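J.: Here is my input; please provide its structure:
(chains A and B)
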Protein chains: 2
Amino acid sequence: MAYRVVVIGAGFAGLTAVKDLKGAGCEITLIDQRNHHLFQPLLYQVATTLLSTSEIAWPIRAILQKRKDVTTLLARVIDIDRRTKEVILRNGMRIPYDTLIVATGARHAYFGHDEWEADAPGLKTLEDATTIRRRMLLAFERAELTPSKHERDALLTFAIIGAGPTGVELAGIIAELAHRILPGEFRHIDTRRARILLVEAGPNILPAFSKDLSDYALAALSRRGVEVRTGKPVTKITAEGIMLDDRFIPARTVIWAAGVQASRAKDWLDAEADRAGRVIVSPGLTLPDDPSIFVLGDTAHVQSDGKPVPGVAPAAKQQGSYAARLIRRRLKHGDQAETTPFRYRDMGNLATIGRNAAVIEYGRFRLKGWLAWWVWGIAHIYFLIGTRSRLFVALSWLWIFLSRQNSARLITQKETLKDPDVTPGKAVADDTGTGGG
Amino acid sequence: MAYRVVVIGAGFAGLTAVKDLKGAGCEITLIDQRNHHLFQPLLYQVATTLLSTSEIAWPIRAILQKRKDVTTLLARVIDIDRRTKEVILRNGMRIPYDTLIVATGARHAYFGHDEWEADAPGLKTLEDATTIRRRMLLAFERAELTPSKHERDALLTFAIIGAGPTGVELAGIIAELAHRILPGEFRHIDTRRARILLVEAGPNILPAFSKDLSDYALAALSRRGVEVRTGKPVTKITAEGIMLDDRFIPARTVIWAAGVQASRAKDWLDAEADRAGRVIVSPGLTLPDDPSIFVLGDTAHVQSDGKPVPGVAPAAKQQGSYAARLIRRRLKHGDQAETTPFRYRDMGNLATIGRNAAVIEYGRFRLKGWLAWWVWGIAHIYFLIGTRSRLFVALSWLWIFLSRQNSARLITQKETLKDPDVTPGKAVADDTGTGGG
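T.: Okay, the predicted model is just below:
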């Protein structure tokens, strides 16, 4: 019988491992609870109406169509039986493995304030992105309708919590949307008066970047009308707004970009984890007491050169490749195969602030401004999967650049049908019978 | 004060009326419960993974951005006060009108079997389309996972009820998906063995077309592996399947394309309506007893040359233009303006069956086969709104034509997270907290 590799999670780490095992002669089962691989680095562009969902997500089956050694299962894992070496699905099926790769990613974390999630959604899935897009667009619609100035101001205040690349990118695009794209479409409100607030508990925005690039980003955001508040954490979030520095700021749209929590894999594996729930792995990326189980990507706490490896796409891909390489070596030399520790090759940091503004840092090399923005765009198109996505994303961006009109400004899902003056974020009964889902 | 025109509904009829009132000097308020105008003739292509949502829907505000005489409201109408001449919104606001245009469209109707809706969704909104797409794709995923042959067969049976253009188009594309695009992606099932059933109560499919085109469509569907059953109505629909000709056919995916029911406008207006709920209007498209209220499109029962006008996009657009023309004449000549009755100019019938197969009928002119298919495609691209949509839809189709890979095969919304072996269509609690919507 062929050597059985089971991979849980078709994100960057899992999918790269599967791709790099091509021709290794394994019998691979790839399990994911979604039918698509998602290009997370551009997810914020779906949330902010620049791209449509199908431009950054691809059916896993289509990607692996020609790999007859791979079986893809759309299923939900509920546990792992390490004794019998089986993955247990919610429908009761048990999938046996010789080697297991766990790469189930992370979700946003609220630092012990899970009650904030309903009012401050994070951004990890396509549904998260369409939820944020809907809330943001509905805020403008509700502001147009309300006769109350107080309510209107609260509806036109957008607070983004956390100023890493995602927070900065969200704030920059929302500011451009409010200040450059939407004015002229409304009759009762002036969207240019919308307040976009970027809140960071640490002393600087983009803390992973050098000080001069962080300063540049700060200036570029200010020029775009974003109000940046650093040095104080948010202490409360409700449906009405946020508490910052002992003052309550009414804000109907709050987006969470501050922290992540690893998936529940540590419970399945009964393994030691760090504070963010990431499983602590050996230098060979396996459980310290079980070399047949790899844990990769955002689910793993990995050290390289004495520093923790960041939770970014290049790191996940490198780990996927490393695991595939190690499995091949084991197939050749048995379990006694020599193991060189995983080493992270830092691919630098990139972030966009808005039209013609981005920052890039690669070792000592630093770039900012319009050239960085174009380099950023071309790099991301290169990393997309397939010619079709590259062509369509490139065309979408070019179109937006030339026409200054965003293309995916749709309010979808059931909240559309609610009265625009109802508090956002609370589900209501749908009395039009839209499809009976 | 300017003459106030209120338009309810931004479909083909309402939007055309607004467009044609450009420069007339009215103060126009356009009310819709959605933020987008939808190109319904291509909605089935979203349901069947060919197009993405943003390619056939446009923000109403963006379309009318330059029309300073138009105020757009995203709001829900709950009643019309004919005495005070006001439209009443759910949030309590009252919008006064001098002339009112009601063009609120239609929903699918189940001929007194509303309980069928949960198991046989229809196709009228973007959410309907993504619901059908999700159910269809999940059926294949569930079939791949189930160990039961009986369950697998039921999951791989797709029943489309109603063989007008929408039903024929859905059946043709689902057959191509199952028989040509998906094979090779699954390991446990052979999607080519999927059964696609098109059920029509009447004697012929495409009843609006001449017999020879209907026969051609039947042959083209059969060649694509669609099983067509005419002459008997479905007598029961459950989550398990359909009852047809006294036999129960297990089918986990059922799509309703059989009948429509007009919106509730007749209740708001307290007006006389036909069996399908359409308001019976005068030859001038207004209420017989109130020339200040137009009722247009799928909400109106209109006669032209002694025949009822069909519920198609060209008819709705012509009615919108007619109403705008009449309002202009009234502004010039007062209420005594001469009224020529509305006359429908039949723009013919078009339907596609699948790759390289379509039928077109325009008066005595008839066309079928690959040329009809290309004419159909070019005509639809022409009717889209804006250069961007035309470019992107044309590119999407060209890509699918050349690569034989559909582009929008995403399973989204909360059902994704369910166990694939759970009965489709029933909502479940979402335990991952996706955005709290």
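
J.: residue ranges of the helices in the stretch 51-200 of chain A, please?
T.: Ranges of helices in the stretch 51-200 of chain A, per DSSP state H, counting those that start in this stretch, are A:60-63, A:126-145, A:149-155, A:165-176.

J.: now do the stretch 201-350 of chain A
T.: Counting by DSSP H, counting those that start in this stretch, the helices of the stretch 201-350 of chain A are A:211-223, A:265-269, A:313-333.

J.: closest one to residue A:233 among those?
T.: helix A:211-223 (18.3 Å; CB to CB). All C-beta spots, glycine's among them, are computed from the backbone N, C-alpha and C.

J.: element containing residue A:19, please.
T.: Using DSSP states H and E, residue A:19 sits in helix A:12-20.

J.: is any part of the helix or strand just after that helix close to chain B?
T.: Sequence order places strand A:27-32 as the next helix or strand after helix A:12-20, per DSSP H and E. No - Strand A:27-32 lies apart from chain B when judged by CB under 8 Å from any CB of the partner chain; the minimum separation is 9.3 Å.

J.: will you turn the helices of the stretch 51-200 of chain A into CSV that also has mean pLDDT, mean neighbour count and distance to residue A:26?
T.: Formatted as CSV, these follow (pLDDT from 0 to 100; neighbours: other CB atoms under 10 Å in any protein chain shown; distance: least, CB to CB, whole Å):
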stretch, mean pLDDT, mean neighbour count, distance to residue A:26
helix A:60-63, 93, 22, 17
helix A:126-145, 93, 23, 30
helix A:149-155, 96, 17, 54
helix A:165-176, 95, 26, 35
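
J.: Export those helices as JSON lines, with columns for distance to chain B.
T.: As requested, the helices of the stretch 51-200 of chain A are arranged in JSON lines below (distance: least, CB to the nearest CB, whole Å):
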{"stretch": "helix A:60-63", "distance to chain B": "4"}
{"stretch": "helix A:126-145", "distance to chain B": "3"}
{"stretch": "helix A:149-155", "distance to chain B": "12"}
{"stretch": "helix A:165-176", "distance to chain B": "15"}
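
J.: between the ones you listed, which gets nearest to residue B:70?
T.: helix A:126-145 (12.8 Å).

J.: the inter-axis angle of that closest one versus helix B:126-145?
T.: In terms of direction (axes from the mean of the first three to the mean of the last three CA atoms, to 10 degrees), helix A:126-145 departs from helix B:126-145 by 170 degrees.

J.: returning to what we had before: show me what the helix holding residue A:19 is packed against.
T.: Here helix A:12-20 touches strand A:4-8, strand A:27-32, strand A:99-102, helix A:313-333, going by 3 or more CB pairs under 8 Å, 6 or more residues apart in numbering or on different chains; DSSP states H and E.

J.: re earlier: would a markdown table of the helices of the stretch 201-350 of chain A with mean pLDDT, distance to chain B and mean neighbour count be doable?
T.: Formatted as a markdown table, the helices of the stretch 201-350 of chain A follow (pLDDT from 0 to 100; distance: least, CB to the nearest CB, whole Å; neighbours: other CB atoms under 10 Å in any protein chain shown):
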| stretch | mean pLDDT | distance to chain B | mean neighbour count |
| --- | --- | --- | --- |
| helix A:211-223 | 96 | 25 | 17 |
| helix A:265-269 | 95 | 14 | 19 |
| helix A:313-333 | 95 | 20 | 20 |
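
J.: Rebuild the ones you listed as CSV, extending it with distance to residue A:411.
T.: Shown next, in CSV, are those (distance: least, CB to CB, whole Å):
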stretch, distance to residue A:411
helix A:211-223, 26
helix A:265-269, 35
helix A:313-333, 29
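
J.: quick one on the thing from earlier: make JSON lines from the helices of the stretch 51-200 of chain A and add distance to residue A:276 to it.
T.: Listed next are the helices of the stretch 51-200 of chain A as JSON lines, based on distance: least, CB to CB, whole Å:
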{"stretch": "helix A:60-63", "distance to residue A:276": "26"}
{"stretch": "helix A:126-145", "distance to residue A:276": "19"}
{"stretch": "helix A:149-155", "distance to residue A:276": "33"}
{"stretch": "helix A:165-176", "distance to residue A:276": "16"}
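
J.: I'd like to know which of these is closest to residue B:326.
T.: It's helix A:126-145; of the helices of the stretch 51-200 of chain A, that one is closest to residue B:326 (CB to CB) at 29.5 Å.

J.: one step back: what are the buried residues along the helix holding residue A:19?
T.: When burial is assessed from 16 or more other CB atoms under 10 Å in any protein chain shown, helix A:12-20 yields the following buried residues: A:12-20.

J.: Would you mind listing where chain A has pLDDT under the threshold?
T.: By pLDDT under 70, the weakly predicted segments of chain A are A:1, A:335, A:337, A:407, A:413-437.

J.: Get me the contact residues on the stretch 251-400 of chain A for chain B.
T.: Counting by CB under 8 Å from any CB, the residues of the stretch 251-400 of chain A near chain B are A:388, A:391-392, A:395, A:399.

J.: end-to-end on stretch A:383-392?
T.: 14 Å (CA to CA, to the nearest Å).

J.: Just the buried positions in that stretch, please.
T.: Residues of stretch A:383-392 classed as buried by neighbour count (16+ other CB under 10 Å): A:384, A:388-390, A:392.

J.: about what we covered before: would you format the buried residues of helix A:12-20 as CSV with distance to residue A:314 included?
T.: CSV is the format used below for the buried residues of helix A:12-20 (distance: CB to CB, whole Å):
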residue, distance to residue A:314
A:12, 8
A:13, 11
A:14, 15
A:15, 14
A:16, 10
A:17, 15
A:18, 17
A:19, 15
A:20, 15
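
J.: residues touching the closest residue to chain B within the stretch 151-300 of chain A, list them.
T.: The minimum distance from the stretch 151-300 of chain A to chain B, using CB to the nearest CB, falls at residue A:185 (4.0 Å). Applying CB atoms under 8 Å, 6 or more residues apart in numbering or on different chains to residue A:185 gives the contacts A:191, B:59, B:61-62, B:64-65, B:72.

J.: which pair in those residues spans the largest distance?
T.: Among these, A:191 and B:64 lie farthest apart (CB to CB), at 15.5 Å.

J.: Specify which residue of the two has the higher count of neighbours.
T.: More crowded of residue A:191 and residue B:64, by other CB atoms under 10 Å in any protein chain shown: residue B:64, with 22 against 19.

J.: okay but that one is in contact with residue B:70, surely?
T.: Yes - the pair residue B:64 / residue B:70 is scored as a contact, 4.9 Å apart, by CB atoms under 8 Å.

J.: shared neighbours of those two, anything?
T.: Contact criterion CB under 8 Å, 6+ apart; residues shared by residue B:64 and residue B:70: B:18, B:30.

J.: re earlier: for the contacts of residue A:185, which one is nearest residue A:338?
T.: residue B:59 (59.2 Å).
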